[in-house]
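Visitor: Build me a model from this:
(chains A and B)
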2 protein chains.
Amino acid sequence: MRVSDIDTPAIIVDLDIVERNLRKWQEYCDQYGIANRPHIKTHKLVELTRRQLELGAVGITCQKIGEAEVMAEVADDILITYNIVGRAKLQRLVNLARKVRLSVTADHPSVVKGLSEAMRNETQPLSVLVECDTGFGRCGVQAPTQALDLARQIADSPGLQFGGLMTYPTSIPQGTDFMSEAVRLIQQAGLPVPVVSGGGTPQMWEAHKAKIFNEHRAGTYVYNDRHTVETKAARPDDCALRVLATVASRPTPHRAILDAGSKALSSDLFGLSGYGMVLGYPQVNIVRLSEEHGVAESADGPLNWEIGQRVEIIPNHVCPVSNLFDQVHVIRQDRVETIWNVAARGRLQ
Amino acid sequence: MRVSDIDTPAIIVDLDIVERNLRKWQEYCDQYGIANRPHIKTHKLVELTRRQLELGAVGITCQKIGEAEVMAEVADDILITYNIVGRAKLQRLVNLARKVRLSVTADHPSVVKGLSEAMRNETQPLSVLVECDTGFGRCGVQAPTQALDLARQIADSPGLQFGGLMTYPTSIPQGTDFMSEAVRLIQQAGLPVPVVSGGGTPQMWEAHKAKIFNEHRAGTYVYNDRHTVETKAARPDDCALRVLATVASRPTPHRAILDAGSKALSSDLFGLSGYGMVLGYPQVNIVRLSEEHGVAESADGPLNWEIGQRVEIIPNHVCPVSNLFDQVHVIRQDRVETIWNVAARGRLQ
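Guide: I've put the predicted structure just below:
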């Protein structure tokens, strides 16, 4: 089967590019002594989790228990960077912690309390890292002193052990200042801080400059996307995933309709103009999306695309795109090597 | 099982509201003699397709062959409002046309040519409607004279029959002017125009004023959403689908993090401010989404939400939300009546 035989819209993943992306990052981590703990949310594939671990990742990162349950098939060291809250999820967490080396994050005393109540009768304590908000404005304790308080609570809680600190994304210098101060306070209180975990693909090649961190969680680097290219963390040639689309309509000389809409590309703009980069057509912009339609226009006049013609699109943000397809077509050159099921797609809980 | 037993994030669908929405619209269509051909993209459920047909829908609308293949289990009259292009899809179209009364749209001579080549040896001709662009700027012929040319080509093509005209959305008066002129030209050329099909939920209660149309395709009305409420086509009480979410983090007194992000709510803004309406909290806005996080803030100061507390969110645009979940929890009052599989989810082709 060749790429030209794949019906559209579909995802193609260029395995040579994936391999190069994974190796390059692992070599960088090895060079600087950074533990590589990739976030699997970008690919959601058992096969690429396995490959990341083979190449030297210390473990993986998941955002949801459902993702971790899927990846436990091939990974035995999993960090879930999310407050686990509520009886159903805590029970699944306990079950999973019996199978793999599991760690989670927490940013509030009530979350730590829930984790401890669930884990208190387990033989192996659960490692809990304190999530720190170092400027992103999402989850996380707001000050190093709060990190200290939570670290103490974790260390004192039955069934738990203090695993270190975590933030997203790594930011220099304000993030490193926050984390350094938190490490200092916690060590001063007599607690070791085994892991200081940073994250983010746009920030990954600067990770060695943020010396307080000894671990990095990158997700998007496996595929890269238009946003990664925009942040200079990758070039268009490093983009391994493309959405294959067909020109479905040519209502006017200046407008073409692609069969890839928000159900294929997601609506994520990420501050960019338009909904993806069409390979080989730098003058074309996907100006609007409906669920099943992408409206493409050219900046320099009429478009010579014909109905039935196919194009490849690098999406703005590749992670949600993986969540929209049940399968990816794995290619080398123009040959389809295999088809992988997106095993962790739709694992919302 | 009660609603409080459902883990989050999850979709709940209030069946009493669905039933009221379906009946109200069917009664309107009956009153004005409009054929009701609901678009199933909103719910993607076999069960609600069946119910829409039971209540009097003449058939259904799908956007993709894959959706139609799923719905052929319960529907025997299906319109696919999309140019069907390429060998693989045309073969599936032929197979489907042998099972159900199928019609499609086309907006270009090359699309009609492809349909005819695929259908020429079939005993039952395929009904093809001409898609008209009456101002939306997506697919469709650009002028009534083009509609006439395409209608003639369809009527002259082996395996095809001219089925009428279609546009999206119904617009008054420019859309009705376009369609009236196209009907006049085509009838003058000696061709009957059996169906003139309009669409859209925001426009549905005005459909009787656009007298040239004899069919309406509404999708969102089954559930409604924040956008429908904004356009005054529904009230908040008419919104049948809610995303159930849990407060996962309270990093600051003014910020709460919900476990529903773009993977649960989609990134669709639809011109609105924020990513959904939190029931019972009109002062709260979901100001930002990551894939697994919704950042909620209150306009009037600190929020008193606690970690673990649950909320219900009416999404901006409900159709892509249906595409993000494998299942919906069907409720009446606070009881879960059943769980339905979103059978046509992810049918991209």
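Visitor: For stretch A:300-319, measure first residue to last.
Guide: End-to-end distance for stretch A:300-319: 31 Å, by C-alpha to C-alpha, to the nearest Å.
Visitor: just stretch A:55-74 next, same as before
Guide: This stretch, stretch A:55-74, spans 14 Å end to end (C-alpha to C-alpha).
Visitor: element containing the nearest residue to residue A:347 once chain neighbours are set aside, please.
Guide: Leaving aside its sequence neighbours, residue A:347 sits nearest to residue A:66 (C-beta to C-beta, 6 or more residues apart in numbering or on different chains; 3.1 Å). Heads up, the C-betas are built off the backbone N, CA and C, glycines and all. In this assignment (DSSP states H and E), residue A:66 forms part of helix A:65-71.
Visitor: mind exporting that helix as CSV, just the C-alpha atoms?
Guide: Extracted in CSV, the C-alpha atoms of helix A:65-71 (Å, rounded to 0.1, in the frame of the first residue of the first chain):
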residue,chain,number,x,y,z
ILE,A,65,-5.3,7.4,34.6
GLY,A,66,-7.0,6.0,31.5
GLU,A,67,-3.9,6.8,29.4
ALA,A,68,-1.7,5.3,32.1
GLU,A,69,-3.8,2.1,32.2
VAL,A,70,-3.3,1.7,28.4
MET,A,71,0.4,2.4,28.5
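Visitor: so what secondary structure elements neighbour it?
Guide: Counting contacts by 3 or more C-beta pairs under 8 Å, 6 or more residues apart in numbering or on different chains; DSSP states H and E, helix A:65-71 packs against helix A:46-54, strand A:60-62, strand A:77-80, helix A:87-97.
Visitor: quick one: buried residues of stretch A:266-277?
Guide: A:266-268, A:272, A:274-277 (16 or more other C-beta atoms under 10 Å in any protein chain shown).
Visitor: Stretch A:275-288 now?
Guide: Buried, per 16+ other C-beta under 10 Å, within stretch A:275-288: A:275-278, A:284-286, A:288.
Visitor: Make CSV from the residues you listed and add distance to residue A:214, pLDDT and secondary structure to it.
Guide: Formatted as CSV, the buried residues of stretch A:275-288 follow (distance: C-beta to C-beta, whole Å; pLDDT from 0 to 100; DSSP: H, G, I helix; E, B strand; the rest coil):
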residue, distance to residue A:214, pLDDT, secondary structure
A:275, 38, 98, coil
A:276, 36, 98, coil
A:277, 35, 97, strand
A:278, 41, 98, strand
A:284, 44, 97, strand
A:285, 42, 97, strand
A:286, 41, 98, strand
A:288, 45, 97, strand
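Visitor: quick one: which of these is nearest to chain B?
Guide: Taking C-beta to the nearest C-beta as the measure, chain B lies nearest residue A:288 of those, at 7.9 Å.
Visitor: so the closest one makes contact with residue A:276?
Guide: No: judged on C-beta atoms under 8 Å, residue A:288 makes no contact with residue A:276 at a distance of 11.9 Å.
Visitor: between the two, what contacts are shared?
Guide: residue A:294 (C-beta atoms under 8 Å, 6 or more residues apart in numbering or on different chains).
Visitor: Residue A:9 against residue A:244, yeah?
Guide: Yes: between residue A:9 and residue A:244 there is a contact at 6.4 Å, judged by C-beta under 8 Å.
Visitor: one step back: may I ask which two of the buried residues of stretch A:266-277 are separated the most?
Guide: A:267 and A:277 (16.1 Å; C-beta to C-beta).
Visitor: who does the helix ranked longest in chain A touch, helix- and strand-wise?
Guide: The single longest helix within chain A, with elements called by DSSP state H, is helix A:15-32. With contacts taken as 3+ C-beta pairs under 8 Å, 6+ apart, helix A:15-32 sits against strand A:35-36, helix A:46-54, strand A:327-332.
Visitor: Enumerate the positions of it that are buried.
Guide: Residues A:15, A:17-18, A:21-22, A:25-26, A:28-29 are the ones in helix A:15-32 that count as buried (16+ other C-beta under 10 Å).
Visitor: Output the residues you listed in CSV, with pLDDT appended to each entry.
Guide: Shown next, in CSV, are these (pLDDT from 0 to 100):
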residue, pLDDT
A:15, 98
A:17, 98
A:18, 98
A:21, 98
A:22, 98
A:25, 98
A:26, 98
A:28, 98
A:29, 98
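Visitor: out of those, who's nearest residue A:57?
Guide: residue A:26 (7.2 Å).
Visitor: Report the contact partners of the closest one.
Guide: A:36, A:55-57.
Visitor: Residues touching stretch A:166-186, excluding its own?
Guide: Applying C-beta under 8 Å, 6+ apart, the set of residues contacting stretch A:166-186 is A:79, A:81, A:105, A:129-136, A:138, A:140, A:144-145, A:147-148, A:151, A:162, A:165, A:193, A:195-200, A:202-203, A:206-207, A:209-213, A:216-217.
Visitor: Can you give me the buried ones in it?
Guide: A:166-171, A:175-176, A:178-183, A:185-186.
Visitor: Can you flag the buried ones in the contacts of stretch A:166-186?
Guide: Here, 16+ other C-beta under 10 Å leaves A:79, A:81, A:105, A:129-134, A:138, A:140, A:144, A:147-148, A:151, A:162, A:165, A:193, A:195-200, A:202-203, A:207, A:210, A:212-213, A:216-217 buried among these.
Visitor: residues from the stretch 151-300 of chain A in reach of chain B?
Guide: Taking C-beta under 8 Å from any C-beta of the partner chain as the contact definition, the stretch 151-300 of chain A meets chain B at A:246, A:248-252, A:255, A:257, A:259, A:262-264, A:266-269, A:288, A:290-293, A:295.
Visitor: Could you check how far residue A:189 is from chain B?
Guide: 22 Å (C-beta to the nearest C-beta, to the nearest Å).
Visitor: what does residue A:126 give?
Guide: The gap separating residue A:126 from chain B is 18 Å, by C-beta to the nearest C-beta.
Visitor: Equivalent analysis for residue A:265, please.
Guide: From residue A:265 across to chain B, the span is 11 Å (C-beta to the nearest C-beta).
Visitor: In contact with the residue minimising distance to the centre of chain A, which residues are there?
Guide: The residue lying closest to the centre of chain A (C-alpha atoms, centre = their mean) is residue A:219, at 3.3 Å. Residue A:219 makes contact with A:38-42, A:61, A:199, A:201, A:319, according to C-beta under 8 Å, 6+ apart.
Visitor: One more pass at 6 Å, please.
Guide: A:39, A:41-42 (C-beta atoms under 6 Å, 6 or more residues apart in numbering or on different chains).
Visitor: now do residue A:291
Guide: A:261-263.
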